[in-house]
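1. A structural model of the following input is requested.
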Amino acid sequence: MPKPYFGKQPVPEYKPSDEARAAIKAWQDAVELEERTRHAARAALAADLKADTDLPYKAVAEHPLVPWTEATLRLLKDEYDIPPRQPNKAAWRAERRAAQSEQQPTTQD
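-> This next block holds a predicted model:
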C-alpha cells in the first residue's frame with residue numbers, strides 16, 4: 001500500500017543564536033586567514049624557486065617545513081611563471097667524477 005502524500009510540509013524558519021553566529025563568523029575568519037597565509041607561503045616558495053633554477057622541486061618538497069608535494073610545487077610554475085629547472089649538469093658531472101676518482105685506488109708504477 002503506498003504511503004499517503006500530504007503535500008509539501010512547511011519548514012520552520014531557523015534563527016541562529018548569537019553564540020552560533022559568533023562561532024560561524026570566527027570560523028569564516030579563520031578560513032579566510034588560512035587562505036591568505038597559504039597563498040603567501042606558496043608565493044614565497046615560488047620566489048625561492050625563481051631565484052635558484054638549479055634547485056629541484058624535489059629538494060624543496062622534501063624539506064620538513066614544506067607541506068606540499070613535488071607535484072603541487074610543479075603546478076606553481078604556471079601560476080608564478082617559474083622558469084624550468086636546469087640543474088647545472090657540468091657541476092654535477094664534475095662532482096661525480098671527483099667522487100669516482102676518490103673511490104678508485106690509484107696505481108703507482
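2. Report how many residues lie close to W68.
-> Per other CB atoms under 10 Å, the neighbour tally for W68 reads 17. To be clear about C-beta, it is placed using only N, CA and C from the backbone, and glycine gets the same treatment.
3. which stretches of this protein form strands?
-> With DSSP state E, there are no strands along the chain.
4. Now do the contacts for the residue nearest to the spatial centre of it.
-> Central residue of the chain (CA atoms, centre = their mean): W68, 3.2 Å from the mean position. Contacts for W68 (CB atoms under 8 Å, 6 or more residues apart in numbering) come out as 42, 45, 61.
5. Keep only those of the residues you listed that are in helices.
-> Taking DSSP state H, the ones among the contacts of W68 that sit in helices are 42, 45, 61.
6. which non-adjacent residue is nearest the first one?
-> Right, R42. Nearest residue to R42, sequence neighbours excluded (CB to CB, 6 or more residues apart in numbering): L76, at 6.2 Å.
7. Now do the one you found against D18, distance only.
-> Applying CB to CB, to the nearest Å, the value for L76 to D18 is 42 Å.
8. what does K50 give?
-> 48 Å.
9. cool, and V11?
-> For V11, the distance to D18 equals 22 Å [CB to CB].
10. next one: K3
-> 40 Å.
11. And A47, by the same measure?
-> From A47 across to D18, the span is 43 Å (CB to CB).
12. So between those two, which is more surrounded?
-> Between A47 and D18, A47 has the larger neighbour count (other CB under 10 Å), namely 11 against 7.
13. Chain neighbours aside, what residue packs nearest to that one?
-> Y80 (7.9 Å).
14. Surely the one you found touches A43?
-> Yes. The criterion here is CB atoms under 8 Å, and Y80 meets it with A43 at 6.8 Å.
15. what ranges of this protein fall below the confidence cut-off?
-> Applying pLDDT under 70 to the chain picks out residues 87-94, 105-109.
16. all helices for it, in order.
-> Using DSSP H, helices in the chain cover 18-51, 57-61, 70-80, 89-103.
17. So for the first one, what gets flagged as buried?
-> Residues of helix 18-51 classed as buried under the neighbour-count rule (16 or more other CB atoms under 10 Å) are 42, 45-46, 49.
18. Which neighbouring elements make contact with that helix?
-> Helix 18-51 sits against helix 57-61, helix 70-80, with contacts defined as 3 or more CB pairs under 8 Å, 6 or more residues apart in numbering; DSSP states H and E.
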